[in-house]
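# how would this look folded up:
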Amino acid sequence: MRLLTLTLTHLLPLANAIPNVLITNHCTTPIHLYRSSNGSCNVGPNNICSSAPNAAPYTIIPGTTLTLPFLLSSLTSLKLSPNLTFTSGIL
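Predicted coordinates:
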C-alpha cells in the first residue's frame, strides 16, 4: 500500500526550468509538511518559522499532490506528519 509518493521533476538542467518535488498523499487523512533549507528554521507556505505562533505547515489533502520548488543550491529537508506533532518522520 502506498501512502505517499515523492517525485522529482526536471533533474537535468533545462533552460529556465526549476526542479520540483511532487508529493502525492495516498492516505485517508491530511498530511502536514514543513521544509527547511541549509539548516534554517522549518517553514510552511507563509515562510514563517514553525516555532512562531502564527506559523502554518503545508497541508496535503488526501488524493492531492503538492508541488514544491527544489533548491539545488541548498540542502533541503522535508518534515512530514499526519497529526501536526513533527516529532519524527524526517524525510
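# For the rest of this, base every contact and every neighbour count on C-alpha atoms.
Noted.
# so where's the chain uncertain?
1-18, 71-75, 86-91 (pLDDT under 70).
# Now for the nearest residue to residue 47 once chain neighbours are set aside, how many residues are close by?
Spatially, and ignoring its direct neighbours in sequence, residue 47 is nearest to residue 55 (8.0 Å; C-alpha to C-alpha, 6 or more residues apart in numbering). As a burial measure, residue 55 scores 15 neighbours (other C-alpha atoms under 10 Å).
# Do I have it right that residue 65 meets residue 23?
Yes. Residue 65 lies in contact with residue 23 (C-alpha atoms under 8 Å); the separation is 5.3 Å.
# Secondary structure class of the residue nearest to residue 47, three-state.
Of the three states, residue 55 takes coil under DSSP: H, G, I helix; E, B strand; the rest coil.
# list the contacts for it?
Residues near residue 55 by C-alpha atoms under 8 Å, 6 or more residues apart in numbering: 43-44, 46-49.
# Please pick the buried ones from those.
Among those, the ones that count as buried by 16 or more other C-alpha atoms under 10 Å are 43-44, 48-49.
# tell me the contacts of residue 36?
Neighbouring residues of residue 36 by C-alpha under 8 Å, 6+ apart: 42-43, 76-78.
# Give the ChimeraX command for selecting the buried subset of these.
Listed next is the ChimeraX selection for buried residues among these, using 16+ other C-alpha under 10 Å:
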select :42,43,77
